[in-house]
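Student: need coordinates for the below:
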Amino acid sequence: MRVTYWLEHAWLDTCVEPGVALTVADGRISGLRTGVDTPPPGATALRGLTLPGLANAHSHAFHRALRGTVQVGSGTFWTWRDVMYSVASHLTPDSYFDLARAVYAEMALTGITCVGEFHYLHHQRGGVPYGNPNAMGEALIAAAGEAGIRITLLDAAYLHGGLSHGGYRPLEGTQTRFGDGTADRWYDRWTRLRGGGHARIGAALHSVRAFSDRDDYAAFADRTRDVPVHIHLSEQPAENEACLAVHGRTPARLLADSGFWGPHTTAVHATHLTDEDIALLGGAGGTVCMCPTTERDLADGIGPALRLQRAGCLLSLGSDSHAVIDLFEEARALELDERLRSRTRGHWTAAQLLRTAAENGHAGLGWPDAGRLEAGALADFTTIALDSVRTAGPPPRLGAETAVFAATGADVRHTVVGGRPVVRDGVHQLVEDVPAALARAIAAARPD
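Tutor: Here you go, the predicted structure:
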């Protein structure tokens, strides 16, 4: 089927063009014409600024149930984790589907067209597999489909309960739902997952806290070399300290010595790195996914994003714990956090930050044909209003700057995935009353 959209303004990677006719055939952009002052006959008009669809490169869908509730009092990452475990202990494939469907619909409402779901909630309580051992992962894939967005399911190996100076601890309590027992059992279950259409299958190691050299990093790397592979890296100083005590190396070096890093890998957070760590990641040519709103919410610190980019890493963005779901805020925070650290401005241009939120994230999730408005790319795009209380005023030619430094997800008016309208005039076309769907699913997921 061939359809035409008329874009009042469109960001075409280097500049904002007024009046663009974009044609879609078989889910891909088949042509772009600039200088089209009025909508062609039969075209769907998208007024505002149209951008490539955004890629949320790091999500834990069930963390959305924590929003607000973990803001009471003080605490640390580790006390936050205890609350997270209480939610994880109650989810079933059905309730997880309902929650993820609502969360992914919320993402579509904010312009996200693809999500990287870092998935480790695999089994029943006590670690007993479901009759279908991938019931939870398949629920996430189905949820993304019903919410109208693409997904890369990053199925995680999570074999140990933590790493301390005394070595590796066994899985305990809710953690037993995460583990497959051995790396071979994880691999056997992982190979049964199927992608296709809106879904692709990737892999993950939860962290060096949850996987060890005796589980064989090198074998894991060999088995997953043809898919996107993600890992939480050096999110906490305590992780680095324990890894140094047990292995005599930082997490980044431990993984490098096993041949883990490569162009297909993504290090998530990478907040507390040494100079050598940065050089290792940059030399591998992979991606680092920064999650600024989560990192500041949990008081984790500001990662060395600028130094990582200069070393050779692609940068992408994720909403992780979903304290907020807003890739414009994540992109803005990348620059503003660096300004606070350095007390200088202008580390990234608005165009670079938009690529980080769109093209780079898609590449790190195994969708290199998305994240750009050009012929042949997947027809995934989003339109923000230029006349809201946040965006009104600047000339349209400064649309990229307006999007990054003023807009929020609330300014999204339209989201299109594969040429199909998913959000139209701010209303999700597939999930009715997204706030109500979120409220119901979160109430069912929370133990209280």
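Student: need the strands for the stretch 51-200 of the chain, in chain order.
Tutor: Here the stretch 51-200 of the chain has its strands, by DSSP state E, counting those that start in this stretch, at 54-59, 112-119, 150-157, 162-164, 167-169, 199-205.
Student: which stretches of the stretch 201-350 of the chain form strands?
Tutor: Going by DSSP E, counting those that start in this stretch, the stretch 201-350 of the chain shows strands at 229-233, 265-269, 287-290, 314-317.
Student: for residue 445, find the nearest of these.
Tutor: Smallest distance to residue 445 across the strands of the stretch 201-350 of the chain (CB to CB): 22.2 Å, for strand 229-233. Where you see a C-beta, it was placed from the backbone N, CA and C, and this is true even at glycine.
Student: would you confirm that residue 400 contacts residue 9?
Tutor: No: under the criterion of CB atoms under 8 Å, residue 400 makes no contact with residue 9, lying 10.4 Å away.
Student: how about the CA coordinates for stretch 118-137, as PDB?
Tutor: The C-alpha trace of stretch 118-137 is given here as PDB (Å, rounded to 0.1, in the frame of the first residue of the first chain):
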ATOM      1  CA  PHE A 118      16.400  -5.400  28.800                       C
ATOM      2  CA  HIS A 119      14.600  -8.500  30.000                       C
ATOM      3  CA  TYR A 120      15.600 -10.700  32.900                       C
ATOM      4  CA  LEU A 121      12.200 -11.500  34.600                       C
ATOM      5  CA  HIS A 122      12.100 -15.000  33.100                       C
ATOM      6  CA  HIS A 123      10.500 -17.600  35.500                       C
ATOM      7  CA  GLN A 124       8.000 -18.200  38.200                       C
ATOM      8  CA  ARG A 125       8.600 -17.700  41.800                       C
ATOM      9  CA  GLY A 126      11.400 -19.900  43.100                       C
ATOM     10  CA  GLY A 127      12.900 -20.000  39.600                       C
ATOM     11  CA  VAL A 128      10.600 -22.700  38.200                       C
ATOM     12  CA  PRO A 129      10.200 -22.300  34.500                       C
ATOM     13  CA  TYR A 130       6.800 -21.700  33.000                       C
ATOM     14  CA  GLY A 131       5.400 -24.400  30.700                       C
ATOM     15  CA  ASN A 132       6.600 -22.100  27.900                       C
ATOM     16  CA  PRO A 133      10.000 -21.100  29.300                       C
ATOM     17  CA  ASN A 134       9.800 -17.800  27.300                       C
ATOM     18  CA  ALA A 135       6.300 -16.900  28.300                       C
ATOM     19  CA  MET A 136       7.400 -13.600  29.900                       C
ATOM     20  CA  GLY A 137       9.600 -12.600  26.900                       C
END
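Student: buried residues, that stretch. List them.
Tutor: By neighbour count on 16 or more other CB atoms under 10 Å, the buried set for stretch 118-137 is 118, 119, 120, 121, 122, 123, 133, 134, 135, 136, 137.
Student: follow-up on the earlier one: and for residue 400 and residue 9, which residues touch both?
Tutor: Overlap of the contact sets of residue 400 and residue 9 (by CB atoms under 8 Å, 6 or more residues apart in numbering) consists of residue 16.
Student: mean pLDDT and mean neighbour count for the strands of the stretch 201-350 of the chain - can I get that in a markdown table?
Tutor: Converted to a markdown table, the strands of the stretch 201-350 of the chain look like this (pLDDT from 0 to 100; neighbours: other CB atoms under 10 Å):
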| stretch | mean pLDDT | mean neighbour count |
| --- | --- | --- |
| strand 229-233 | 98 | 27 |
| strand 265-269 | 98 | 28 |
| strand 287-290 | 98 | 29 |
| strand 314-317 | 98 | 26 |
